[in-house]
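# Fold the following.
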Amino acid sequence: MIKKIKPEENSTPGEAPSSAIYLNREISQLAFNRRVLAQAEDTSLPLLERLRYLCICSSNLDEFFEVRIASLLANRIGGEQIDPPDLTEALERTSVECHEIVARQYQLLNHDILPQLAAKGVYLLRHEDRNEAQRAWVKGYFDANVRPLLTPIGLDPAHPFPQVLNKSLNFIIELSGKDAFGRGTAIAIVKAPRVLPRVIELPPELSGKKGVSFCLLSSIIHAHIGEMFSGREIIAYSQFRVTRNSDLWVDEEEVKNLRQALQTELHSRQFGVAVRLEVASNCPENLSNFLLEQFGIDHNRLYPVDGLVNLVRLSEMVDQVKQPTMRFPPFSASLPAALSNENIFSILQKKDVLLHHPFQSFQPVVDFIRTAAHDPAVVAIKQTIYRTGMNSELMEALIYAAQRGKEVTVIVELMARFDEEANINWAVRLEQAGAQVVYGVVGLKTHAKLALVIRREDNALRFYAHLGTGNYHPTTTKFYTDFGLLTAHPKLTVDVNEVFIHLTSLTKPTNLNYLWLAPFALQKEIIRAIRNEGLIASQGRPGRIIAKMNALLDESVIRALYAASAQGVKIDLIVRGACALRPGVPGLSENIKVRSIIGRFLEHSRIYYFRNDLAHDVYLGSADWMNRNLFRRIEVAFPILDPALKKRVINEGLNPYLKDNTNSWILDGDGIYTKKKSRNKQLAYGAQQELVKLFTTPVISPTI
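Numbers count the residues shown, from 1 in each chain. The predicted structure is shown next:
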């Protein structure tokens, strides 16, 4: 069966002026989420992995509302809420698409995934499904763990509608009769305690010999909520969840200390403008209307759902089930043969080392910083931090280095969305250890992935660097595809040091030898390289561009690609998420192909390849081809100079994805994504699957 996903045509307000040559950003982003949902629909995948994809789809939708829909709504004019026509159209189209995705999610969960899990002995029990023994256990759990933490709020002038946190679980109850004081308080609100798990596993003896049973916190509260209102009858009841605008804002011209300002702003994120309301599908209209009025939400952003209001929480169940046959086969990341027991600095003095995650372990990067922290010859360490998580060996190594008296400089990006709190905590600990911590450049996010070690050797200073496409994050490095380069190349490492000097001193960056630095040169260099391929093609020689990224939205780059296509350049783009470029349009882009790869691992690496008359220029970087990355962030693209490593990037990061006929979705000029399928199973080829095989094979000999 051929699956097709179509992002409708429209110009995003304030962006591309013509729908004739650009696809709508929001609809394209939702089309990506459709492709994730298609993974949950794929019956060839292990059952628990399908459920995980469903959770990812739901998480993506949450962020879409928190950021993109919130941004569209913020563009509304004044208090009269009179929308420009293009904004109204964008909101209407995204609303229709989101409602369709949500409906399909719950249909898939209730009629496919959960029944199949039950057939394999994994049960998610609703109240009506539980037997007498299970109900008795749930009653005991409620009395011991839940009831003491519940605080019902009966609404009246002295008990106003409570503050409801972003994406929290809550309940609205309509009551009959009168309260203890003889008044008719008809509506009560109960907030679920955040400290409790949302998915609770029942004792093994209640699940049968080989089964495992779970129930939801919402189901437990539902079964016993009446006990909180003695003497009154519950007329109607519904769980609900509100999604809020989660973008943080600080006045960068007025703020004196960015970290302190953000610490204050983080609390307000929980109470931003409401942008979506989810309720149970059986929620009475009077209660949903009451909630819509309380939160100031339009009716088209009401989502009645057939199940729990937060599907993301089911990932807790996925993590707890111990049946390996319902998961992807286990995979262990390998270590490069180049990294022997020899000291890392001795190895890098001889050659560069390329790491391809998650197929190769991220541990060598951690060891690089840890070795530097312990090495008495190392005098300084500099590093950028965008996302690193709450627990990080690498960050602990930086703290240890600072405590040992080394010069440690860390550029911590405090505005990394949804990682602000973790980054603030690390910044505090680093400063307490004696490290110099700065927060990048006000108004520009520092998204570049760089680490520099300065070592004293033979009475001189020598530089060693790590440059990457992904974050220094211990968890995501296990399931995001990324490249990292460890190098002691003199000019390349000098460039890295110059970038750090630029970020700390705020002086104009010097002319760099190799690095393309945003917002100063990256966009210009990308367009220069694209135009160069066009010039080559116009002179009768082969022009070739292959680029891999998360998103392609920048108008100037798209126009350059259209022009190169018209000159005869063959262009392949591997764009995981949103893409505004229309491929294959006669007279515009007939030489451009766009595909998206959705598989076991999240495609995250950015690779830019230009044939350049057989020079085969290969750049890796942190930047997608988006306006924000090219002009509103500190980004770095770096070349692969070693010919053997250049071949590896081409043969591992590009060529397999162009051959993929298993996880590949092809985009056409109308915005329709069609999943590519091999008619012959023996000819089926999945890039990620082949890379797993490649890195579990002792001998690796890629050919270009």
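# And L620, how far from M626?
Noted for L620: a distance of 17 Å to M626, by CB to CB, to the nearest Å. Glycine gets a C-beta too; all of them are placed from N, C-alpha and C.
# neighbour count winner among those two?
L620 (25 against 20; other CB atoms under 10 Å).
# quick one, helices of the stretch 251-400 of the chain?
Ranges of helices in the stretch 251-400 of the chain, per DSSP state H, counting those that start in this stretch, are 258-269, 285-295, 315-320, 344-350, 363-374, 393-403.
# Just the buried residues of the second one, please?
When you say that, I think you mean helix 285-295. Neighbour counts using 16 or more other CB atoms under 10 Å place L287, S288, F290, L291, L292, Q294, F295 of helix 285-295 among the buried residues.
# you'd agree A488 is up against H466?
No: A488 is not in contact with H466 according to CB atoms under 8 Å; the separation is 10.9 Å.
# for the stretch 201-350 of the chain, what spans make up the strands?
212-216, 234-244, 274-280, 302-305 (DSSP state E, counting those that start in this stretch).
# Could you dump those into a markdown table with mean neighbour count and mean pLDDT added?
Shown next, in a markdown table, are these (neighbours: other CB atoms under 10 Å; pLDDT from 0 to 100):
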| stretch | mean neighbour count | mean pLDDT |
| --- | --- | --- |
| strand 212-216 | 22 | 95 |
| strand 234-244 | 21 | 94 |
| strand 274-280 | 23 | 97 |
| strand 302-305 | 20 | 98 |
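# Run through the stretch 501-650 of the chain and note the low-pLDDT ranges.
By pLDDT under 70, the stretch 501-650 of the chain has no low-scoring segment.
# which residue ranges form the helices in it?
Under DSSP H, counting those that start in this stretch, the stretch 501-650 of the chain gives helices at 522-538, 555-566, 627-631, 643-649.
# right, and those helices - which one's nearest K322?
In terms of CB to CB, the element of those nearest to K322 is helix 643-649, at 37.0 Å.
# Check which helices and strands the closest one sits against.
In this structure, helix 643-649 makes packing contacts with strand 353-357, strand 617-621, judged by 3 or more CB pairs under 8 Å, 6 or more residues apart in numbering; DSSP states H and E.
# how about CSV for those strands, with distance to F695 added?
CSV is the format used below for the helices and strands packed on helix 643-649 (distance: least, CB to CB, whole Å):
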stretch, distance to F695
strand 353-357, 8
strand 617-621, 18
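# between those, which gets nearest to Q682?
Per CB to CB, nearest to Q682 of those: strand 353-357, 26.8 Å.
# just the CA coordinates of the closest one, formatted as CSV?
Only the C-alpha atoms of strand 353-357 are listed here, as CSV (Å, rounded to 0.1, in the frame of the first residue of the first chain):
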residue,chain,number,x,y,z
VAL,A,353,39.2,10.5,14.2
LEU,A,354,35.7,10.6,12.9
LEU,A,355,32.8,9.3,15.1
HIS,A,356,29.4,8.3,13.7
HIS,A,357,26.8,8.1,16.4
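# just for the stretch 301-450 of the chain, where's the confidence low?
For the stretch 301-450 of the chain (pLDDT under 70), the answer is 415-419.
# Let's see that with 50 instead.
For the stretch 301-450 of the chain, no stretch has pLDDT under 50.
# Please, where are all the strands along the stretch 1-150 of the chain?
Taking DSSP E, counting those that start in this stretch as the criterion, the stretch 1-150 of the chain carries its strands at 4-5, 122-124.
# Least reliable of the ones you listed by average pLDDT, please.
Mean pLDDT per stretch puts strand 4-5 lowest among those, at a mean of 48.
# Relative to I399, how far out is Q436?
13 Å.
# Between the two, tell me which one has more neighbours.
Relative neighbour count places I399 above the other of Q436 and I399, with 21 against 14, counting by other CB under 10 Å.
# neighbours of the residue nearest to the more buried one when sequence neighbours are not counted, just the number please.
Leaving out its chain neighbours, the residue that sits closest to I399 by CB to CB, 6 or more residues apart in numbering is A433, at 4.4 Å. A count of nearby residues for A433, using other CB under 10 Å, gives 17.
# which ones are touching A433?
I399, Y400, A402, Q403, V408 (CB atoms under 8 Å, 6 or more residues apart in numbering).
# Recalculate using a threshold of 6 Å.
A433 sits next to I399, A402, Q403 when contact means CB atoms under 6 Å, 6 or more residues apart in numbering.
# what about the last one, neighbour count?
So the one you mean is Q403. 14.
# T662 and A684 touch, don't they?
Yes: counting by CB atoms under 6 Å, T662 touches A684, with 5.3 Å between them.
# Assess the claim that R50 and A40 are in contact.
Yes: with contacts counted by CB under 6 Å, R50 reaches A40, the gap being 4.8 Å.
# did I read that right, F171 in a helix?
No: checked against DSSP: H, G, I helix; E, B strand; the rest coil, F171 lies outside a helix; its state is strand.
# nearest residue to I545 other than its sequence neighbours?
Counting by CB to CB, 6+ apart, the residue nearest I545 is I571, at 4.6 Å.
# should've said N629
For N629, the spatially nearest residue (CB to CB, 6+ apart) is A623, at 4.0 Å.
# ok, now how distant is that neighbour from E316?
From A623 to E316 the distance is 34 Å (CB to CB).
# Between these two, which has more neighbouring residues?
A623 (26 against 16).
# any idea how far the more buried one is from E97?
From A623 over to E97 (counting by CB to CB), the distance is 28 Å.
# Turn the helices of the stretch 251-400 of the chain into TSV, columns for distance to P304.
Formatted as TSV, the helices of the stretch 251-400 of the chain follow (distance: least, CB to CB, whole Å):
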stretch	distance to P304
helix 258-269	26
helix 285-295	7
helix 315-320	23
helix 344-350	57
helix 363-374	47
helix 393-403	43
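# So which residues of the stretch 351-500 of the chain form strands?
353-357, 378-385, 407-412, 436-438, 445-446, 449-457, 460-468, 480-487.
# Quick one: closest of these to T507.
It's strand 436-438; of those, that one is closest to T507 (CB to CB) at 13.4 Å.
# From the contact counts, what lies against the closest one?
Helices and strands touching strand 436-438, as assessed by 3 or more CB pairs under 6 Å, 6 or more residues apart in numbering; DSSP states H and E, comprise strand 407-412, helix 420-433.
# winner for burial among these?
strand 407-412 (a mean of 22; mean count of other CB atoms under 10 Å).
# Strand partners (parallel or antiparallel) of that one?
Strand 407-412 sits in its sheet next to strand 378-385 (parallel), strand 436-438 (parallel), going by DSSP bridges.
# most neighbours per residue, which of those strands?
strand 378-385 (a mean of 23).
# residues contacting A488?
Counting by CB under 6 Å, 6+ apart, A488 has contacts L348, Q349, Y464.
# any chance of the strands paired with strand 407-412 in CSV, plus distance to K445?
Shown next, in CSV, are the strands paired with strand 407-412 (distance: least, CB to CB, whole Å):
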stretch, distance to K445
strand 378-385, 11
strand 436-438, 14
